[in-house]
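S.K.: take this sequence and fold it.
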Amino acid sequence: MSNTASANGENHDNTNVSMPHYLMWFRRDLRLHDNTALAALCERANADKAQVSAMFFLTPEQWQAHDMSLTQLDHIARTLPILATSLHKQLNITLNVQACPSFSDCVEALSTLCEANNISCVMANHEYEGNEIERDEQLTKQLAKNDIEFIRWHDQCILPPHSITTNDGDSMYKVFTPFYKKWRHTLDVSTMQMHEAAAINNNNNAKLKISKASATTIKDIEKLSKGTVDDYQKTLQDGCSEGIDSLKHIDMDAQLDYARAAYPAGEAAACQRLEEFIAEDIDNYDISRDVPSLHATSQLSAYLTIGSISPRLCYLQTTKAQEELHSDDGNALKNSDNNDINRWISELAWRDFYRHVIVDKPTLIRHKAYKEETDSKIHWSYNEDDFEAWYTGKTGVPLVDAAMRCLNATGFMHNRLRMVTAMFLTKDLLIDWRLGERYFMQQLIDGDFASNNGGWQWSASTGTDAAPYFRIMNPFSQAKTHDTDGEFIKTWLPELKDVPASILHSEDKMRKELAKGSKFANINYPIPIVEHKAARQLAIAEFKR
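M.R.: Model (predicted):
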């Protein structure tokens, strides 16, 4: 497309030649600091004396098809006005937000927008899931017809896909440990670049001709975003999508209230949380991260998922703290064990690992197992009563039920409990991991396809670096180890508040004490729906087959 004249004949620079006009397309990167595409676009715009506009698309129908949770959509909606304010104040860029039902609608809307506003370059950060890749490929072809560039940058990972391969240089690692060693070594011997965007010099008159469905003022963005959340909630409550019956037990208003209080929106809130975690909790992370009653994890996953904070910033701030361990400045972390910091860094590496895996094996996005030969031989159960008992927290297994009720009430679940509940569903009940994977995505505020899929397939022994099929977590011994006093269990299962932890942590005692005529027989809590020892043997036999 020619840059010599604007679409409506206006000349913003009082000459016969209009300024170049570039567009930043925000997706899962809702921040200014260390945003690769944003920094690159601003640098180029200032060099070319170009104007810059920014765009974000609300795509509720597409998100529902991808099982995005209501709390995550609400987190995005709460973040957009904050992003718009920061963009305007710090970079002199206006954010436009438009509602488009699906990704295909985004392609059409962006193409029209570029033509109407004489935009010659669009930049965005890569997304790695299937529909997102197809959308971007369609847009590339569409824009190319008018000689409009569409440039994407790697930004979601600390080290991008294909950058960490086996020693032969061609293959993706199938096991995390060697991947992590090479990932860590690569970072140790290289200098990580942060990407800071500069304010746009020639943007005072930048204004997009946009559709009536778009919002540009902070007030209009708030209104459009809130309306999208309200409509999404109504759609979920009305049960308009396949399988949505499994959400009718959720008090969505209460879940939203909790998430809004627990996760203040915006980049500043995310950065503050990182600082507090490093200052207060990271020096006990290796041990306390496995105790669900403690709030000892970083609680950053919800921010990383929508891109309110950069994973590179998380890594750099953490390694800075690690370096201070060896300094003489009396830092509070001085006496902590390196294992704590290294453990959290490894969690960042896991996040990269699972993204690298889905890029290497895109069939995972289409509900395929990493180990298809294993998955195809298992006679997975689809027992609706067992599945409902699991997702409503009524299995009779206290730690599993407490974890599921916590998820349903808050939109969040502790990582240790994600493993316990997933393994209970896939091994004790032998229910297809895909059902659990989907349910988690429907509820989690930090729902992320790559990490969620990786975690579920790990538990089901069908994924990369999966748990050996014979290593099956005992949910009662897990409770004894990680919720010793039963504090977490009793928080979410108040009906068990008077039951001693020694009983809660023993399946035999639970069955005995809940039986008719026993001490706790009148408690409204079910006897375990499956006997773990027997279920474990059945699962092992099924996987051996």
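S.K.: report the secondary structure state of M24.
M.R.: At M24 the chain is in strand, as set by DSSP: H, G, I helix; E, B strand; the rest coil.
S.K.: what's near enough to touch it?
M.R.: The neighbours of M24, taking CB atoms under 8 Å, 6 or more residues apart in numbering as the test, are 37-38, 41, 52-55, 93, 122-124. All C-beta atoms are positioned from the backbone trio N, CA, C, and that covers glycine.
S.K.: go on, V107?
M.R.: 135, 138-139, 142 are the contacts of V107 under CB under 8 Å, 6+ apart.
S.K.: just M404 next, same as before
M.R.: By CB under 8 Å, 6+ apart, the residues touching M404 are 390-393, 421.
S.K.: what do you get if the cut-off is 10 Å, keeping everything else the same?
M.R.: 389-395, 397, 413, 417, 421, 424-425, 439, 443, 492 (CB atoms under 10 Å, 6 or more residues apart in numbering).
S.K.: ok, so of those residues, who is nearest A466?
M.R.: Distance to A466 across the contacts of M404 (CB to CB) is lowest for L425, with 15.0 Å.
S.K.: and the pLDDT for that closest one?
M.R.: Predicted confidence (pLDDT) for L425: 98.
S.K.: for the one 5 residues further on, same thing?
M.R.: Among the per-residue scores, L430 shows a pLDDT of 98.
S.K.: with I341 instead?
M.R.: We have a pLDDT of 88 for I341.
S.K.: circling back: could you point out which of the contacts of M404 is nearest to H367?
M.R.: For the contacts of M404, the nearest to H367 is Y439 (14.1 Å; CB to CB).
S.K.: please state the backbone phi and psi of that closest one?
M.R.: Main-chain dihedrals, Y439, degrees, to the nearest 10: phi -60, psi -40.
S.K.: give me the distance between the residue lying closest to it once chain neighbours are set aside and Q478.
M.R.: In space, and not counting its chain neighbours, Y439 is closest to Y391: 5.5 Å by CB to CB, 6 or more residues apart in numbering. Applying CB to CB, to the nearest Å, the value for Y391 to Q478 is 19 Å.
S.K.: returning to what we had before: inside helices: which ones of the contacts of M24?
M.R.: 37-38, 41 (DSSP state H).
S.K.: most neighbours, which of the residues you listed?
M.R.: L38 (30 neighbours; other CB atoms under 10 Å).
S.K.: restricting to C-alpha, output stretch 70-84 in PDB.
M.R.: In PDB, the C-alpha atoms belonging to stretch 70-84 read as follows (Å, rounded to 0.1, in the frame of the first residue of the first chain):
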ATOM      1  CA  LEU A  70     -14.600 -16.500  32.900                       C
ATOM      2  CA  THR A  71     -12.000 -15.300  35.500                       C
ATOM      3  CA  GLN A  72      -9.300 -15.100  32.800                       C
ATOM      4  CA  LEU A  73     -11.500 -13.200  30.400                       C
ATOM      5  CA  ASP A  74     -12.300 -10.800  33.300                       C
ATOM      6  CA  HIS A  75      -8.600 -10.500  34.100                       C
ATOM      7  CA  ILE A  76      -8.000  -9.400  30.500                       C
ATOM      8  CA  ALA A  77     -10.900  -7.000  30.600                       C
ATOM      9  CA  ARG A  78      -9.700  -5.400  33.800                       C
ATOM     10  CA  THR A  79      -6.200  -5.100  32.300                       C
ATOM     11  CA  LEU A  80      -7.100  -3.400  29.000                       C
ATOM     12  CA  PRO A  81      -8.000   0.100  30.500                       C
ATOM     13  CA  ILE A  82      -4.800   0.100  32.500                       C
ATOM     14  CA  LEU A  83      -2.800  -0.800  29.400                       C
ATOM     15  CA  ALA A  84      -4.600   1.900  27.400                       C
END
